[in-house]
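A.B. asks: A structural model of the following input is requested.
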Amino acid sequence: MPLPKLPRSRGQAPAFVEKAVGKKGAAFAGLLFHMGYVLLALVLLNVIPEDLQNYLFTPAGVVVVGTIFPIIESIRAVCTFGTDDDTIWLTYWLAHVTLTLTQRIRTLTVTLNP
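C.D. replies: As a prediction, this is how the structure comes out:
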């Protein structure tokens, strides 16, 4: 029995956003929804108390959000029959490894050549 999946936007806005902008703005609705999501995240980051921000954005917090959650979602993706979600998570892991290696090589280069 596959695990239940979290809903994904797949680049599309929810029905209430598409209804609000009308049929002519349906293509714009997805972009509008994602811009609203980013704006909400930025507002929340400014509203959250600084002590809580310092607690959440520690190296351990980044590992939980950037590694543990994707591991769980990757396992869920592999348990499904479709390949769309597998491709999404494979792309995530390739980007994750590329950025991690680039960061480590840069750190090593900077420490060896001050």
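A.B. asks: Counting neighbours, what do you get for A29?
C.D. replies: By other C-beta atoms under 10 Å, 21 other residues sit near A29. All C-beta spots, glycine's among them, are computed from the backbone N, C-alpha and C.
A.B. asks: separation between it and L42?
C.D. replies: To L42, A29 is 20 Å away according to C-beta to C-beta, to the nearest Å.
A.B. asks: Over to C79?
C.D. replies: 34 Å.
A.B. asks: Quick one: mean pLDDT over the helix or strand containing D51.
C.D. replies: Assigned by DSSP states H and E, D51 belongs to helix 50-56. The average pLDDT within helix 50-56 is 82.
A.B. asks: continuing past that helix, what's the next helix or strand?
C.D. replies: Next element after helix 50-56 (DSSP H and E): helix 59-63.
A.B. asks: Can you dump the C-alpha atoms of the helix or strand following that next one in CSV for me?
C.D. replies: From helix 59-63 onward toward the C-terminus, using DSSP H and E, the following helix or strand is helix 69-79. C-alpha atoms of helix 69-79 as CSV (Å, rounded to 0.1, in the frame of the first residue of the first chain):
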residue,chain,number,x,y,z
PHE,A,69,12.3,15.9,4.7
PRO,A,70,13.5,15.2,1.1
ILE,A,71,14.6,11.7,2.2
ILE,A,72,11.1,11.0,3.4
GLU,A,73,9.5,12.5,0.3
SER,A,74,11.9,10.5,-2.0
ILE,A,75,10.9,7.3,-0.3
ARG,A,76,7.3,8.1,-0.8
ALA,A,77,8.0,8.9,-4.5
VAL,A,78,9.7,5.6,-5.0
CYS,A,79,6.8,3.8,-3.5
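A.B. asks: packing partners for helix 69-79?
C.D. replies: helix 84-112 (3 or more C-beta pairs under 8 Å, 6 or more residues apart in numbering; DSSP states H and E).
A.B. asks: Could I get the buried residue list for the helix it packs on?
C.D. replies: D85, W89 (16 or more other C-beta atoms under 10 Å).
A.B. asks: just how off-centre is it within its chain?
C.D. replies: For helix 84-112, the separation from the chain centroid amounts to 15 Å (computed by C-alpha atoms, centre = their mean, to the nearest Å).
A.B. asks: What average pLDDT does it get?
C.D. replies: Rounded mean pLDDT across helix 84-112 is 90.
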